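J.: any chance you can model this:
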Amino acid sequence: MGLKDELTSEIDTIFHDAWTTRDGNVVPIDTSIKLSNDAVKIDGAVLYADIADSTKMVQGHSDFGAAEVYKAFLRCAARIILADGGTITAYDGDRVMAVFVGDGKETTAVRAALKINWAVKNIVVPRRNRFYNKSLFSLEHVVGVDTSALFVARTGVRGSNDLVWVGRAANQAAKLASLPHTHNTYITQAVYAAMDNSVAFLNSVAMWNKLTWNTFDNSIIYGSTYWWSLA
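T.: Residues are numbered from 1 along each chain as shown. Alright, predicted model coming up:
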């Protein structure tokens, strides 16, 4: 059987076979889901953290300089996510995706986003500027957070596969992270409604600006430039 026939048979199977699904309360890993039409359904808050205008950064830095910025940003983001109970589900160049589950997941995800903002402003940028001309590139970042039901399946082939996250939160969190860095953190209305006041107000002052997402059905989102200091 040639490759054409093999692919035709495999794709027929994907579209023909019934799905087996189960509810989950932890973030699944690839070995917990079969490559067949098998999936886990969870409720999760999805966080995407991304360096803004990374193309300009690459153009303004040496290869190793750009790699150092990538490593520093992703190291801080990843350590904060894990410390706050999130699960890292993917790295993609200069961005990281994480999922938070359980009670208070929206609050925890937002707090992690605010901590990432603090770490970038107070750890990554000052140390980067010690070694490189800050006029070459102004390091900025954006974090997006959304919450929804998620349908998690395994895709690829044996020996080379990964999980695919189907659901509004996975899609919109990524899109939020691509918005202008006039705000460092963007969250959806669903996240804002679910999160605790501890990440909504500072000394009774609102930390978030209500915005209209013009490129996404004019939906309401919230943006913030505030941060949460690390101990």
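J.: what about G102, which SS state?
T.: coil (DSSP: H, G, I helix; E, B strand; the rest coil).
J.: contact partners for it?
T.: Contacts here follow C-beta atoms under 8 Å, 6 or more residues apart in numbering; on that basis G102 touches N25, G85. Glycine gets a C-beta too; all of them are placed from N, C-alpha and C.
J.: for the chain, which strand is longest?
T.: Scanning the chain for the strand with the most residues, using DSSP state E, yields strand 141-157.
J.: for that strand, what is the average pLDDT?
T.: For strand 141-157, mean pLDDT rounds to 97.
J.: tell me where the chain has strands.
T.: Using DSSP E, strands in the chain cover 20-23, 38-51, 87-92, 95-100, 141-157, 160-166, 185-188, 201-202, 205-206, 209-213, 219-224.
J.: could you dump these into a markdown table and include mean neighbour count and distance to N117?
T.: Converted to a markdown table, the strands of the chain look like this (neighbours: other C-beta atoms under 10 Å; distance: least, C-beta to C-beta, whole Å):
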| stretch | mean neighbour count | distance to N117 |
| --- | --- | --- |
| strand 20-23 | 11 | 34 |
| strand 38-51 | 24 | 9 |
| strand 87-92 | 15 | 18 |
| strand 95-100 | 25 | 14 |
| strand 141-157 | 21 | 7 |
| strand 160-166 | 14 | 24 |
| strand 185-188 | 29 | 6 |
| strand 201-202 | 12 | 13 |
| strand 205-206 | 10 | 16 |
| strand 209-213 | 14 | 15 |
| strand 219-224 | 19 | 8 |
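J.: scan this structure for its longest helix.
T.: helix 63-83 (DSSP state H).
J.: and it, which residues are buried?
T.: Neighbour-count burial for helix 63-83 flags 65-66, 68-70, 72-74, 76-78, 80-81 (criterion: 16 or more other C-beta atoms under 10 Å).
J.: for it, packing partners?
T.: Judged by 3 or more C-beta pairs under 8 Å, 6 or more residues apart in numbering; DSSP states H and E, helix 63-83 is in contact with strand 38-51, helix 54-60, strand 87-92, strand 95-100, helix 105-119, helix 125-131.
J.: between the longest one and strand 141-157, how many degrees?
T.: Counting by axes from the mean of the first three to the mean of the last three C-alpha atoms, to 10 degrees, helix 105-119 lies at 120 degrees to strand 141-157.
J.: neighbouring contacts of helix 105-119?
T.: 43-47, 49, 76-77, 80-81, 84-86, 98, 100, 141, 143, 145, 147, 184-185, 187, 190-191, 194-196, 198-199, 224-230.
J.: I'd like to know the beta-bridge partner residues of the residue nearest to the spatial centre of the chain.
T.: Nearest residue to the geometric centre of the chain (C-alpha atoms, centre = their mean): Y48, 1.6 Å. Partner residues in beta bridges with Y48, using DSSP bridges, are M97, G144.
J.: so how far is A170 from it?
T.: 9 Å (C-beta to C-beta, to the nearest Å).
J.: list the residues that contact both of the two?
T.: M97.
J.: what residues are up against V124?
T.: V69, A72, F73, C76, L139.
J.: now it: closest residue in space that isn't a chain neighbour?
T.: Closest residue to V124 apart from its sequence neighbours, by C-beta to C-beta, 6 or more residues apart in numbering: A72 at 4.8 Å.
J.: check the one you found and give its pLDDT.
T.: A72 carries a pLDDT score of 95 in this model.
J.: please consider this matter closed, and thank you.
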